[in-house]
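Trainee: return a 3D structure for these sequence lines:
(one chain, ligands or ions: 1)
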Amino acid sequence: MCGIVGYTGPRQAYPLIIKGLKRLEYRGYDSSGVALLNGTGLKVFKKKGRVTDLEEAVIGKNLEANIGIGHTRWATHGEPSDRNAHPHSSASGKLAIIHNGIIENYAQIKQELVKKGYSFTSDTDTEVLLNFIEDIQKNNSCTLEEALRIALKRVSGAYCILLIDQDDPTTIVAARKGSPLVIGIGKGEHFLASDASPIIEYTKEVVYVNDYELAIVKPDELILKNLGNEKVTPYITKLDMELAAIEKGGYDHFMIKEIFEQPSTIYDCLRGRLDAEAGAIRMSGIEKNIEQLKNANRIMIIACGTSWHAGLVAEYIIEELCRIPVEVEYASEFRYRNPIVNKGDVIIAISQSGETADTLVALEKAKENGAFIFGIVNVVGSSIARISHAGAYTHAGPEIGVASTKAFTGQLAVLFMVALKIAQEKGTISTERFNNLVNELSEIPEKVDAILKNAEEVKKIAEVYKNASDFLFLGRGYNFPVALEGALKLKEISYIHAEGYPAAEMKHGPIALVDDTLPVVFIATKDTYHEKIVSNMQEIKARRGKIISIVTEGDEVSPGLSDHYFSIPPADELIAPILTVIPLQLLSYYVGTAKGIDVDKPRNLAKSVTVE
Ligand code: M6R
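Mentor: All right, here's what the predicted structure looks like:
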């Protein structure tokens, strides 16, 4: 949550920072701001609203500077407003700070500062931290770096902060714990950001700063230190990402671009791992740890949101294929209760961003208890990827739309391969079934492509129901989590209230909602549960609910019971969720855009949730 950008070097800092903030806007878009340093001192410009509002607000101002920091905010402490926007300046006006995270004990520190005579212009924890740092600097007559180190030993919470000081006009001092920071290494210049997207255009050499590290960044020097003031050697990584991957490429929104990318992202995810001809799956993260995985007493899947839905699908698949008990946990619940985690347990962590605070802290807790962590992550080099003992990337490329789409299908593809591989090694699957499923999986990109070719049909359905006030999504078995995902997508993108349910549970309560205005989306593909779900459709029809169904091509029953239906190619029921979710992603996109909603940045949300 919150995006940060910093630059020091020979270029003009302002245009570079603004461009970077636009790329990071998916992380928060309540307000934005920049702090620039030049011969005339420190200047701070900030504005409630989007980055474009900031651009308008600074028209005509002198923005000359070769060093600067910028921030796009997702509000935690204090409402979205000009005065709560970052950067914040210190009491003396010499220091400026931007911050991504939460300082949990800020109230106590604020009290101490108020007693000393400090006053505050915002409601934020960040302004408190900055004045605390300045107070330490003043009292100890020390450098900014030293003052920061002392301050960080006192604060609890999560942070990635960048600081600039009018008295040291080429240096950015940065620190991280729990919120990401990437530093791009240029020739005589350095770039700092929450992720690599603002940097990729200028350099591919980056350093991922670790928790409890401080960075002292000058145009031609990067020094990393730990909180004990010992130098740490920066580990330089080469970015494997192209600029085109973070641009809209002719689409109206990132969300629809990302939905349409799925044939190739799923293909990329399978490539090099799934060998249909040889009937093999090759995944080094699994192979190297196969004893641990196949002998697991239990698998616990930890995730949030859409990633949690992928975990629910995996629960069904792993139990079916590997015969290992699986529990799926919301990370936010797991971390605050007293879960029983034993040495023989395997934790599968699922996260697109790899930075979700709830998931990250839950994993740290499980790791302390001796669990083996297998991470399924999209963002390479992210925190969750780094704290996992082993893992597999989803290789979906940067996902920028706030609603997760291509990351979900990538997660399902990886989880399916993981389950198949463990089942093969454990001997819980026959060779014939294994080969069939491998073949089916290899055909998925083509089938997704075929579904997308009919996207206009979904658009027409969206037009009919765009003004509904509620939606119900129903599925059974492997498609029950897809019903949950369809409801989440619609809520996020269209602000329509939607609920996902196992279809059979409907009669235990939600059926009371059904009348002739309620659209009910059934995922009614041909599988073990087909007859049962057809009965559920009858029950809705008898109560005059409007039925929209996702059916298998050639199904002669479900379409007849539906007001609208959308056909998808046949697939084994274990793999079907990768296909059934696609029309639901499209439905939410078309309803959201028909209602005029900015689907890439829906209200109140942020892509990467780095606060609890
Ligand atoms: O980056 P993660 O996968 O850990 O994020 C988890 C959730 O915050 C995320 O899936 C969220 O629910 C999305 N907005 C769903 O579209």
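
Trainee: tell me who's in contact with residue 82.
Mentor: 31, 46-48 (Cβ atoms under 8 Å, 6 or more residues apart in numbering). In this view, the C-beta of every residue, glycine as well, is placed from N, C-alpha and C.

Trainee: using TSV, lay out those together with pLDDT.
Mentor: Output for the contacts of residue 82, formatted as TSV (pLDDT from 0 to 100):
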residue	pLDDT
31	94
46	96
47	96
48	95
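
Trainee: as CSV, these with secondary structure and neighbour count would be great.
Mentor: Below are the contacts of residue 82 laid out as CSV (DSSP: H, G, I helix; E, B strand; the rest coil; neighbours: other Cβ atoms under 10 Å):
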residue, secondary structure, neighbour count
31, strand, 27
46, strand, 23
47, strand, 20
48, strand, 20
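
Trainee: out of those residues, who's nearest residue 368?
Mentor: Nearest to residue 368 out of the contacts of residue 82 is residue 31 (Cβ to Cβ; 37.1 Å).

Trainee: the closest one reaches residue 47, doesn't it?
Mentor: Yes - here residue 31 reaches residue 47: they are 6.3 Å apart, a contact under Cβ atoms under 8 Å.

Trainee: between those two, which contacts overlap?
Mentor: Counting by Cβ under 8 Å, 6+ apart, the residues touching both residue 31 and residue 47 are 82, 85.

Trainee: out of the contacts of residue 82, what pair is the most spread apart?
Mentor: Going by Cβ to Cβ, the pair spanning the contacts of residue 82 furthest: 46 and 48, at 8.3 Å.

Trainee: can you classify residue 68 by secondary structure?
Mentor: Secondary structure, DSSP: H, G, I helix; E, B strand; the rest coil: residue 68 is strand.

Trainee: ok, for it, nearest residue in space, not its chain neighbours?
Mentor: Leaving aside its sequence neighbours, residue 68 sits nearest to residue 13 (Cβ to Cβ, 6 or more residues apart in numbering; 3.5 Å).

Trainee: residues contacting that neighbour?
Mentor: 7, 36, 65-68.

Trainee: check what pLDDT it gets.
Mentor: At residue 13, the model reports a pLDDT of 98.

Trainee: and the residue lying closest to residue 205 once chain neighbours are set aside, what does it touch?
Mentor: Excluding the flanking residues, the one nearest residue 205 by Cβ to Cβ, 6+ apart is residue 185, at 4.5 Å. Residues near residue 185 by Cβ under 8 Å, 6+ apart: 203, 205-207, 222, 236.

Trainee: give me the domain ranges for this structure.
Mentor: 3-244, 248-442, 454-599 (automatic domain parsing).

Trainee: for residue 606, which of those is the nearest?
Mentor: That would be domain 3-244 among the domains of the chain, by Cβ to Cβ, at 4.2 Å.

Trainee: straight-line length of the closest one, end to end?
Mentor: From its first residue to its last, domain 3-244 covers 20 Å (Cα to Cα, to the nearest Å).

Trainee: and it, anywhere near the ligand?
Mentor: No - Domain 3-244 lies apart from the ligand when judged by Cβ under 6 Å from any ligand atom; the minimum separation is 10.0 Å.

Trainee: in three-state terms, label residue 522 for me.
Mentor: strand.

Trainee: and the contacts of residue 185, which of them are in strands?
Mentor: Counting by DSSP state E, the contacts of residue 185 place 205-207, 222, 236 in strands.

Trainee: and residue 463, how far is that from residue 406?
Mentor: Going from residue 463 to residue 406 by Cβ to Cβ, to the nearest Å gives 25 Å.

Trainee: so between these two, which is more surrounded?
Mentor: Counted by other Cβ atoms under 10 Å, residue 463 and residue 406 do not tie: residue 406 has more neighbours, with 29 against 12.

Trainee: isn't that one right up against residue 258?
Mentor: Yes - at 4.7 Å, residue 406 and residue 258 qualify as touching, with contact defined as Cβ under 8 Å.

Trainee: can you pull the residues that touch both of those two?
Mentor: Joint contacts of residue 406 and residue 258 (Cβ under 8 Å, 6+ apart) are residue 399.

Trainee: list the contacts of residue 485.
Mentor: Residue 485 neighbours (Cβ under 8 Å, 6+ apart): 306, 309, 408, 500, 581, 584.

Trainee: whoops, I mixed them up, residue 407
Mentor: 306-307, 352, 378, 394, 396, 399.

Trainee: closest one of those to residue 510?
Mentor: Using Cβ to Cβ, the contacts of residue 407 come closest to residue 510 at residue 306, 21.7 Å.

Trainee: now do the closest residue to the closest one other than its chain neighbours: how many residues are near it, please.
Mentor: In this structure, residue 306 finds its nearest non-sequential neighbour in residue 404, 4.1 Å apart by Cβ to Cβ, 6+ apart. As a burial measure, residue 404 scores 28 neighbours (other Cβ under 10 Å).

Trainee: separation between residue 404 and residue 352?
Mentor: 6 Å.

Trainee: touching both of these two, which residues are there?
Mentor: Common neighbours of residue 404 and residue 352 (Cβ under 8 Å, 6+ apart) are 306-307.

Trainee: look up phi and psi at the residue nearest to residue 205.
Mentor: phi -100, psi 110 (degrees, to the nearest 10).

Trainee: with residue 163 instead?
Mentor: According to degrees, to the nearest 10, residue 163 has phi -130, psi 140.

Trainee: for residue 165, same thing?
Mentor: Dihedral angles of residue 165 (phi, psi; degrees, to the nearest 10) stand at phi -130, psi 120.

Trainee: quickly find the element holding the nearest residue to residue 225 once chain neighbours are set aside.
Mentor: Using Cβ to Cβ, 6+ apart and skipping the chain neighbours, the partner closest in space to residue 225 is residue 214 (4.9 Å). Assigned by DSSP states H and E, residue 214 falls within strand 213-218.

Trainee: hey, where'd the helices end up in the stretch 101-250 of the chain?
Mentor: 106-115, 125-140, 144-154 (DSSP state H, counting those that start in this stretch).

Trainee: now the second one: how far from the chain's centre is it?
Mentor: Taking Cα atoms, centre = their mean, to the nearest Å, one finds the center of helix 125-140 at 32 Å from the center of the full chain.

Trainee: list the buried residues of it.
Mentor: 125-137 (16 or more other Cβ atoms under 10 Å).

Trainee: backbone dihedrals for the residue in the stretch 201-350 of the chain that the ligand sits nearest to, please?
Mentor: At 2.0 Å from the ligand, residue 305 is the closest residue in the stretch 201-350 of the chain, using Cβ to the nearest ligand atom. Per-residue torsions, residue 305: phi 60, psi -130 (degrees, to the nearest 10).

Trainee: residues contacting it?
Mentor: 404, 488.

Trainee: redo that, cut-off 7 Å
Mentor: By Cβ atoms under 7 Å, 6 or more residues apart in numbering, the contact list for residue 305 reads residue 488.

Trainee: do you know the pLDDT at it?
Mentor: On the pLDDT scale, residue 305 is placed at 96.

Trainee: what's the closest non-adjacent residue to residue 28?
Mentor: Using Cβ to Cβ, 6+ apart, the closest residue to residue 28 is residue 74 (2.8 Å).

Trainee: I figured the one you found was touching residue 606, is that so?
Mentor: Yes - with contact taken as Cβ atoms under 7 Å, residue 74 and residue 606 are classed as touching, separated by 4.2 Å.
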